[in-house]
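Engineer: Build me a model from this:
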Amino acid sequence: MSEVSVGIDLGVTAQHEAYILGPAGKKTFRFFTTVDEIDALVNLARSTAEHPEDKIIFVLEPTGRSWIAISRVLKAQGYDVYMVNAKRVKHYRSYLNGKRKTDKLDAKVLAAMGRDYEVLTPVVIPREEIMVLQILTRERVRLQELATSEKKRIKALCHDILPGLSSLLGDNFYHKAWRPFLSKFINPFDIMRAGQAGLSDFLARHDAKADDLKLVPFVLNLASEVCKLHGIENKMYFQAIALTMGNYLDILDTCESKVEEHDKLIAVNYPAAHPSRVVETVPGVGRILAPVLIACTGDPDRFSSLKKYKGYSGFIPEVSESGERAAPGLRMTKQGPNHLKRALYLAADRARRWDIELARIYYKAMTEKGHCHAQAVCVVANNLAGRILTILKEDRPYVIRDPKGAPISRTEANQYILKHLTVPEHIRQRKRSRKTA
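Structural biologist: From the prediction side, this is the model:
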């Protein structure tokens with residue numbers, strides 16, 4: 001029995017491009033995401049088969065969310081649908097056609113890769129609860145990154161106009177009392193006109209704390225120095241600066257407000273996607289990271305081994321071997337969803353402080369392998385990924401154990417880590433790129 005391989009290059013705004021590679025011929029087909037056009041594609045693929053019982057498989061990349069609808073229709077008709085990692089497609093296309101890239105060429109490459117089952121991953125359509133969680137958590141991460149970007153812009157603009165203010169305020173720079181101040185008093189001449197009484201009154205009306213009010217004389221002194229640098233006030237210039245700062249602050253407020261909205265929706269939908277909530281027993285995983293891990297993992301049984309899940313997470317190193325030569329210590333593959341890698345990294349950085357085995361992995365990576373902090377945390381994240389998949393498959397809580405394997409509390413584990421597995425400061429200093437006084 002022969003086989004027909006159909007590669008589908010999904011379009012975001014344009015039509016999808018399909019390339020049919022069958023024993024009775026090769027054909028191309030362009031279509032939109034409708035049941036009738038998908039049926040037309042199936043009929044065209046069937047026409048390239050030699051026998052009615054020939055198997056037809058469909059291969060695609062997970063572009064956007066259009067793959068879900070197409071896969072659902074094809075799987076409902078009994079056809080096998082597979083995904084291929086985008087990096088594999090890119091490498092295979094470069095091997096075959098150099099730097100050429102077209103939709104038809106991508107579809108042709110996908111069809112050709114349909115003959116190699118080792119690079120294919122069967123499509124598993126997530127449950128509705130998981131898909132809702134995927135949308136919410138992915139958007140929350142995007143909003144959080146946008147808010148972080150705006151904070152950097154705000155600090156950079158403040159440093160240009162009022163150098164030294166961000167250092168003076170420290171952790172209070174983004175406090176709700178100082179945000180209105182930045183919007184109204186980014187002009188140093190306005191600060192001088194308001195004076196100590198005016199600034200103190202303004203901050204007090206915006207819920208400033210006593211420590212904030214103590215900084216007013218220092219802010220006035222800083223503004224005075226900046227006014228000396230400018231000499232004459234350029235009102236149009238500072239109006240433009242104030243408008244820009246106001247835009248940045250408005251975007252930041254909007255992002256933070258939307259993050260709170262998403263947190264509420266995630267809190268409502270998360271229990272339905274993960275009723276047992278065992279992932280929250282993993283040290284370093286709390287109410288923010290748990291929904292991300294569940295959304296990205298989906299059904300844990302779709303991963304046949306820990307190795308496949310680790311590969312999906314992107315924290316495994318690349319491999320390079322030839323003859324008797326092997327190159328260890330290569331960079332990570334970085335495949336898989338970015339927000340999954342981010343969640344695992346953040347969880348690993350916390351978990352190493354509460355789990356003795358993970359702390360030992362981090363300690364050896366820093367002291368014996370010469371890794372920097374980020375590299376060592378990635379090694380921990382790779383190990384943690386396997387542990388998370390295990391407890392999800394077995395639906396059991398995470399257990400922290402001592403070096404002899406007996407269960408212990410987080411506090412006891414933390415005390416042991418501080419005593420026996422703390423990385424010496426001189427090793428950390430050796431790996432730091434920042435200058436220290």
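Engineer: Any stretches of this structure with poor pLDDT?
Structural biologist: Of all residues in the chain, those with pLDDT under 70 make up the ranges 1, 95-96, 317-335, 431, 433-437.
Engineer: Next, name the residue at the spatial heart of it.
Structural biologist: His339 (1.9 Å; C-alpha atoms, centre = their mean).
Engineer: quick one, phi psi at that one?
Structural biologist: Note on His339: its backbone torsions stand at phi -70, psi -20 [degrees, to the nearest 10].
Engineer: what's the helix or strand for the closest residue to Lys258 other than its chain neighbours?
Structural biologist: Distance criterion C-beta to C-beta, 6 or more residues apart in numbering; nearest residue to Lys258, sequence neighbours excluded, is Leu143 at 5.1 Å. Where C-beta positions appear, they are placed from N, C-alpha and C, glycine not excepted. Using DSSP states H and E, Leu143 sits within helix 128-161.
Engineer: rewinding a little: and the residue nearest to the centre of the chain, how close does it get to Glu357?
Structural biologist: As for His339, its distance to Glu357 is 26 Å (criterion: C-beta to C-beta, to the nearest Å).
Engineer: Surely Ala242 and Asn187 touch.
Structural biologist: Yes - Ala242 lies in contact with Asn187 (C-beta atoms under 8 Å); the separation is 6.3 Å.
Engineer: okay, the two: which has more neighbours?
Structural biologist: For the pair Ala242 and Asn187, the greater number of neighbours falls to Asn187 (24 against 18), based on other C-beta atoms under 10 Å.
Engineer: Grab the nearest non-local neighbour of that one.
Structural biologist: According to C-beta to C-beta, 6+ apart, the nearest residue to Asn187 is Phe238 (4.0 Å).
Engineer: which SSE is that neighbour in?
Structural biologist: Applying DSSP H and E as the criterion places Phe238 in helix 235-273.
Engineer: tally of neighbours for Asn85?
Structural biologist: Using other C-beta under 10 Å, Asn85 has 19 neighbouring residues.
Engineer: Please report phi then psi for it.
Structural biologist: Here is the backbone geometry of Asn85 (degrees, to the nearest 10): phi -60, psi 140.
Engineer: ditto for Leu384
Structural biologist: Main-chain dihedrals, Leu384, degrees, to the nearest 10: phi -60, psi -30.
Engineer: Run a quick neighbour tally on it.
Structural biologist: A count of nearby residues for Leu384, using other C-beta under 10 Å, gives 29.
Engineer: where exactly do the strands run in the stretch 51-200 of the chain?
Structural biologist: Taking DSSP state E, counting those that start in this stretch as the criterion, the stretch 51-200 of the chain carries its strands at 55-60, 80-83, 121-122.
Engineer: Name every strand pairing with the longest one and say which way it goes.
Structural biologist: It stands for strand 55-60. Next to strand 55-60 in the sheet, as set by DSSP bridges, lie strand 3-9 (parallel), strand 80-83 (parallel).
Engineer: Any buried residues in the strand or helix carrying Leu293, and which?
Structural biologist: Element membership for Leu293 (DSSP H and E) is helix 289-297. By 16 or more other C-beta atoms under 10 Å, the buried positions in helix 289-297 come out as 289-297.
Engineer: Over to stretch 15-31?
Structural biologist: For stretch 15-31, the neighbour count (16+ other C-beta under 10 Å) marks 16-22, 27, 29-31 as buried.
Engineer: Same list (the residues you listed) but as CSV, adding secondary structure and distance to Ala343.
Structural biologist: Formatted as CSV, those follow (DSSP: H, G, I helix; E, B strand; the rest coil; distance: C-beta to C-beta, whole Å):
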residue, secondary structure, distance to Ala343
His16, strand, 31
Glu17, strand, 34
Ala18, strand, 35
Tyr19, strand, 36
Ile20, strand, 39
Leu21, strand, 38
Gly22, strand, 42
Lys27, strand, 43
Phe29, strand, 39
Arg30, strand, 38
Phe31, strand, 36
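Engineer: export those to CSV and tack on distance to Arg100?
Structural biologist: Formatted as CSV, these follow (distance: C-beta to C-beta, whole Å):
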residue, distance to Arg100
His16, 20
Glu17, 15
Ala18, 19
Tyr19, 15
Ile20, 20
Leu21, 18
Gly22, 24
Lys27, 21
Phe29, 21
Arg30, 19
Phe31, 23
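Engineer: so which of those comes closest to Glu139?
Structural biologist: Using C-beta to C-beta, His16 comes nearest to Glu139 of the buried residues of stretch 15-31, at 24.8 Å.
Engineer: Show the contacting residues for that closest one.
Structural biologist: Going by C-beta atoms under 8 Å, 6 or more residues apart in numbering, His16 touches 8-10, 30-33, 66, 70.
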